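Enquirer: dropping a prediction and its sequence here:
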Amino acid sequence: MKKTTKYSPEVRDQVVRMVCEQQKEHGSQWSAIESIAGKIGCTAETLRMWVRRAEIDQGIWGGLTSTERENRELKRANEIVRKASAFFA
């Protein structure tokens, strides 16, 4: 059985900042992620994904930002609704 724990955006942002601040003390980003993930109760991979998403949003890595991803999903949903209403009209 998979356990899902929801973390608020504020908590995620705070934890990502902790990783950035503590990676110098740990020697690598991954060791900081492992240490902090164990303390907050999420997996290291989950925290790594939060850090990568933040780095993409900041322009450190290439890729779609969170805003661009959300806009793309909304456009896709609107297209589905438009097609469904045309079908049922």
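Expert: Cool, got the structure.

Enquirer: got the buried residues for the helix or strand containing Lys39?
Expert: Element membership of Lys39 [criterion: DSSP states H and E] is helix 29-40. Of all the residues in helix 29-40, those buried under the rule 16 or more other CB atoms under 10 Å are 29, 32-33, 35-37. Bear in mind the C-beta positions are built from the backbone N, C-alpha and C, glycine included.

Enquirer: I'd like the mean pLDDT over the helix or strand containing Glu70, please.
Expert: Using DSSP H and E, Glu70 falls within helix 66-88. Throughout helix 66-88, pLDDT has a mean value of 92.

Enquirer: measure the most centrally placed residue in the chain to Ser85 for me?
Expert: Nearest to the geometric centre of the chain sits Trp50, at 3.9 Å (CA atoms, centre = their mean). Per CB to CB, to the nearest Å, Trp50 is found 37 Å from Ser85.

Enquirer: circling back: reformat the buried residues of helix 29-40 as TSV; add pLDDT and distance to Gln22.
Expert: Shown next, in TSV, are the buried residues of helix 29-40 (pLDDT from 0 to 100; distance: CB to CB, whole Å):
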residue	pLDDT	distance to Gln22
Gln29	94	9
Ala32	95	5
Ile33	96	9
Ser35	94	7
Ile36	95	7
Ala37	94	12
